[in-house]
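Asks: give me a model of this one.
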Amino acid sequence: MSNMPKYKVEHYESKIRRHFDPLIEEQELLVKQFKTEATKRIVGKLSKKMGADKILDAFKKAEEQMKKAQQDAMTFFKKKAKQDEKKTLTYSMRNDDISLKHCEEQLQEWAKSLVDRELRRRPEGEQLAQLEAVKQRAMDIVYENGDDKAIATALDNCTKKIGITWVVDTSKIKQISA
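Replies: Numbering: from 1, shown residues only. All right, here's what the predicted structure looks like:
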């Protein structure tokens, strides 16, 4: 790009973002919806395939037993504290070890990465990738050209494919009467 003032480059960048960002955000929401649904479905399948389902079931049972034991302990100590006013409760329940929740979160993360790859193959994911590529191409046009007319023409040709008119014909706009 030769001798294009910074304000012009910033103007083009702003205009490109103004045109593309809403389209990309809309497509990302569609992809996110499919991602959430697919991730929920895949977590169960993934845990079975990996053999983690048996471990998770055992963890659930153990945690249920642990919760019951904690509740029993709390009931016991509270009861003893009520019986003798000199006794105060000074214990805290703290668990820094791995939990069922940690295991499920890990599977969720692994499932998300599988879903991300799969979503890029769906029509919504392909359209998102296409929008991002056209936006990048529009940015490249601005950086690689120095002539305003050449930029406008190239951007109009580039964005026409996705339904954005870069050069708006203002000759048909009616005069506003005062």
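
Asks: go ahead and confirm residue 125 touches residue 30.
Replies: No: Residue 125 is beyond contact range of residue 30, at 9.0 Å (criterion: C-beta atoms under 8 Å). The way it works is simple: take the backbone N, C-alpha and C, and place the C-beta from them, glycine included.

Asks: who has more neighbours out of these two?
Replies: residue 125 (21 against 16; other C-beta atoms under 10 Å).

Asks: return the distance of that one relative to residue 72.
Replies: As defined by C-beta to C-beta, to the nearest Å, residue 125 lies at a distance of 50 Å from residue 72.

Asks: buried residues in the helix or strand containing residue 75?
Replies: In this structure, residue 75 sits in helix 52-83 according to DSSP states H and E. Neighbour-count burial for helix 52-83, with 16 or more other C-beta atoms under 10 Å as criterion, is recorded at 52, 56, 59.

Asks: for stretch 136-144, same thing?
Replies: Buried residues in stretch 136-144, counted by 16+ other C-beta under 10 Å: 138-139, 141-142.

Asks: pLDDT of that stretch, averaged?
Replies: Regarding stretch 136-144, the rounded mean pLDDT is 88.
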